[in-house]
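**Student:** Quick check, what structure comes out for this input:
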Amino acid sequence: MKPVEQIKIPIAKEMELFESKFKDSMLSKVPLLNRITYYIVRRKGKQMRPMFVFLVAKMVSNGGFDERTYRGASIVELIHTATLVHDDVVDDSNRRRGFFSINALWKNKIAVLVGDFLLSKGLLLSIDNEDFDLLKLISIAVREMSEGELLQIEKARKLDITEDVYFEIIRQKTATLIAACCGIGAASVGCSNEVVQQMRKFGEYIGIAFQIKDDLFDYTEEKIGKPTGIDIKEQKMTLPLIYTLNNCSEKDRKWLINSVKKHNKNKKRVKEVITFVKENGGIDYTINKMHDYKNKALKILENYPDSEYKESLLMMIDYVVERKI
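**Tutor:** All right, here's what the predicted structure looks like:
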């Protein structure tokens with residue numbers, strides 16, 4: 001059994017019911033929109049975000065559940081899908097999870113409008129049901145995701161990203177949405193603000209570990225379904241490179257920056273950069289940092305009694321740092 005299927009076992013029924021509720025949450029009177037949203041539902045990914053909502057909700061309430069939890073998961077998935085559709089337009093990307101992206105099939109103008117529609121559906125789902133606490137949690141995530149993307153674009157122009165700035169970018173770009181999932185899971189079953197914030201922190205730590213793992217894939221030789229060196233080609237400053245730049249001689253530093261700025265399309269040069277980063281401790285340092293965040297997440301779970309839901313969250317943490325793609 002695949003790890004994700006195993007993690008899902010305690011919430012299998014909820015996930016099944018969620019699928020139909022999620023489909024209903026996207027319905028429109030416009031036939032074109034329904035065709036596109038049907039296409040989106042058919043090519044769904046692992047659905048890790050709704051899984052976080054359900055597992056946290058059940059763990060903190062000893063198996064309790066609420067209709068609000070389904071709405072919370074739908075809100076998260078609607079907003080997440082909207083950001084993916086918009087991301088593909090921004091990145092001019094034609095593929096998503098092995099399928100054609102919305103902008104590739106229906107062009108940018110329609111893709112942007114579909115993203116806006118999904119965003120509004122997510123907001124209205126919470127407003128119509130007066131789930132203002134859930135709306136606040138997801139709105140913070142949307143704001144931070146936009147800020148994180150823009151901060152990365154600004155810094156990429158100068159290649160002057162420090163380690164602190166790198167962590168702020170990935171906290172906002174990736175971790176904030178997983179933090180919102182965990183916070184929404186706790187809030188949906190009526191937990192105190194203290195528990196909601198603790199679960200947000202838990203999600204943030206997992207999200208940061210998740211993104212660090214993604215950044216490590218750029219330096220791996222395993223067959224993971226995407227070529228290595230992509231971040232270097234796109235002049236993205238990730239932790240292995242940042243660490244190496246900060247811990248090498250001035251001469252090597254100039255060579256590295258020159259390689260990323262001016263020779264990032266040269267395959268041989270990109271390979272040389274990857275080798276240099278590996279040989280100078282960039283990968284080992286990054287792996288250690290990833291495990292630091294994994295351990296911070298584990299520490300939070302120690303506050304909760306053992307249950308099948310907690311067990312699944314522990315498996316989820318392992319999956320995030322051990323996954324092959």
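**Student:** Residues touching stretch 152-170, excluding its own?
**Tutor:** Contacts to stretch 152-170, defined as C-beta atoms under 8 Å, 6 or more residues apart in numbering, come from residues 148, 151, 173, 207-208, 211-212, 215, 235-239, 242-243, 246, 257, 260-261. Backbone N, C-alpha and C define where each C-beta goes, glycine included.
**Student:** I'd like to know which of those are buried.
**Tutor:** Buried members of the contacts of stretch 152-170, counted by 16 or more other C-beta atoms under 10 Å: 148, 151, 173, 207-208, 211-212, 215, 236-239, 242-243, 260.
**Student:** Let's see which of those residues end up in helices.
**Tutor:** Mapping the buried ones among the contacts of stretch 152-170 onto helices (DSSP state H) picks out 148, 151, 207-208, 211-212, 215, 239, 242-243, 260.
**Student:** Need those residues in JSON lines (columns: distance to residue 159 and pLDDT).
**Tutor:** Below are those laid out as JSON lines (distance: C-beta to C-beta, whole Å; pLDDT from 0 to 100):
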{"residue": "148", "distance to residue 159": "18", "pLDDT": "92"}
{"residue": "151", "distance to residue 159": "14", "pLDDT": "87"}
{"residue": "207", "distance to residue 159": "25", "pLDDT": "95"}
{"residue": "208", "distance to residue 159": "22", "pLDDT": "96"}
{"residue": "211", "distance to residue 159": "19", "pLDDT": "93"}
{"residue": "212", "distance to residue 159": "20", "pLDDT": "94"}
{"residue": "215", "distance to residue 159": "16", "pLDDT": "89"}
{"residue": "239", "distance to residue 159": "14", "pLDDT": "93"}
{"residue": "242", "distance to residue 159": "10", "pLDDT": "91"}
{"residue": "243", "distance to residue 159": "14", "pLDDT": "93"}
{"residue": "260", "distance to residue 159": "6", "pLDDT": "83"}
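**Student:** I'd like those residues as a markdown table, with distance to residue 58 appended.
**Tutor:** As requested, these are arranged in a markdown table below (distance: C-beta to C-beta, whole Å):
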| residue | distance to residue 58 |
| --- | --- |
| 148 | 30 |
| 151 | 35 |
| 207 | 20 |
| 208 | 24 |
| 211 | 26 |
| 212 | 27 |
| 215 | 31 |
| 239 | 33 |
| 242 | 38 |
| 243 | 38 |
| 260 | 45 |
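**Student:** Now for those: which two are most distant?
**Tutor:** For these, with distances taken as C-beta to C-beta, the pair at the greatest spread is 207 and 260 (25.7 Å).
**Student:** Where does the prediction get shaky in the chain?
**Tutor:** Within the chain, the ranges that satisfy pLDDT under 70 run 44, 86, 90-100, 105, 221-229, 325.
**Student:** Show me where it has its strands.
**Tutor:** Counting by DSSP state E, the chain has strands at residues 95-96, 99-100.
**Student:** For residue 26, give me phi and psi.
**Tutor:** phi -100, psi 0 (degrees, to the nearest 10).
**Student:** pretty sure residue 50 contacts residue 15?
**Tutor:** Yes: taking contacts as C-beta atoms under 8 Å, residue 50 lies within contact range of residue 15: 6.9 Å.
**Student:** Looking at these two, which is more packed in?
**Tutor:** Looking at residue 50 and residue 15 with other C-beta atoms under 10 Å, you find the greater number of neighbours at residue 50, namely 27 against 15.
**Student:** residues touching the more buried one, list them.
**Tutor:** Taking C-beta under 8 Å, 6+ apart as the contact definition, residue 50 lies against 15, 18, 22, 73-74, 76-77, 181.
**Student:** Go through the residues you listed and say which is closest to residue 129.
**Tutor:** Using C-beta to C-beta, the shortest approach to residue 129 within these belongs to residue 74, at 10.4 Å.
**Student:** neighbours of the closest one, just the number please.
**Tutor:** Neighbourhood size, residue 74 [other C-beta under 10 Å]: 23.
**Student:** same question, residue 89
**Tutor:** Residue crowding around residue 89 was assessed by other C-beta under 10 Å; the count is 19.
**Student:** Same question for residue 8.
**Tutor:** Burial measure for residue 8: 23 neighbouring residues, criterion other C-beta under 10 Å.
**Student:** right, and it touches residue 51 too?
**Tutor:** Yes: with contacts defined as C-beta under 8 Å, residue 8 counts as touching residue 51 at a distance of 6.3 Å.
**Student:** what touches both of these two?
**Tutor:** The contact sets of residue 8 and residue 51 overlap at residue 15 (C-beta under 8 Å, 6+ apart).
**Student:** Now do the helices in the stretch 151-300 of the chain.
**Tutor:** Along the stretch 151-300 of the chain, the segments classed as helices by DSSP state H, counting those that start in this stretch run 163-170, 176-188, 193-217, 230-233, 239-246, 250-262, 267-279, 282-301.
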